[in-house]
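>>> How does the following fold in three dimensions:
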Amino acid sequence: MAAGCHHSLPLGDDGKSYAAGSNGRGPLGAGATATRKTPVAVAAPAGRSFVDIGAGKFHSLAITDQGRAYAWGANGKGQLGTTGGATSSPQAVAMPANVAFAQITAGDDYSAAVSDTGALYTWGGNASGQLGDGTTTDKTGPTKIS
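Sure, this is the predicted structure:
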């Protein structure tokens, strides 16, 4: 289960994330921006299932059973790790080569994941240094933190 500012994401045992709540910027991942008072399924990519999820203020994240990250919702600071703006359906995160994620989480306007080897990656808004890379520069894709 993950909770954002005005949305929630339970993870079903069927490999899908479910989402309910406010959806103005698309954090429910249902392909539309209507508010949902009952959960709607967020389908994993064909042939895959979601194994971990995270919810930020207005964005959501998931990892598939192959360690690939997907994101949807607001993208004003690069928190989706994708090219382009906000989206109301899951989009593949621009993953580093030869990296698989095992856990994922989100903050206000940033995202973080741990790889299957234990390495930490962060991306998105960094005004307060929350990405942990020693800067206050926003990152639009996963950056390995030493």
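>>> and residue 126, how far is that from residue 56?
According to CB to CB, to the nearest Å, residue 126 stands 14 Å off from residue 56. Placement of C-beta: from N, CA and C, glycine included.
>>> Apart from its neighbours in sequence, what residue is nearest residue 101?
Leaving aside its sequence neighbours, residue 101 sits nearest to residue 113 (CB to CB, 6 or more residues apart in numbering; 4.3 Å).
>>> Run through the strands of the protein in chain order.
Along the chain, counting by DSSP state E, strands occupy 2-3, 7-9, 17-21, 36-42, 50-55, 59-64, 69-73, 87-92, 101-106, 110-115, 120-124, 139-145.
>>> Among these, which comes closest to residue 27?
Evaluated over the strands of the chain, closeness to residue 27 peaks at strand 69-73, with 3.5 Å, by CB to CB.
>>> tell me which strands and helices that closest one is in contact with?
Strand 69-73 sits against strand 59-64, strand 87-92, with contacts defined as 3 or more CB pairs under 8 Å, 6 or more residues apart in numbering; DSSP states H and E.
>>> Now with 10 Å, please.
Here strand 69-73 touches strand 17-21, strand 50-55, strand 59-64, strand 87-92, strand 101-106, strand 110-115, strand 120-124, going by 3 or more CB pairs under 10 Å, 6 or more residues apart in numbering; DSSP states H and E.
>>> Would you mind reformatting those strands (as TSV) and adding columns for mean pLDDT and mean neighbour count while you're at it?
Listed next are the helices and strands packed on strand 69-73 as TSV, based on pLDDT from 0 to 100; neighbours: other CB atoms under 10 Å:
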stretch	mean pLDDT	mean neighbour count
strand 17-21	92	22
strand 50-55	96	22
strand 59-64	97	29
strand 87-92	94	18
strand 101-106	98	21
strand 110-115	98	23
strand 120-124	98	23
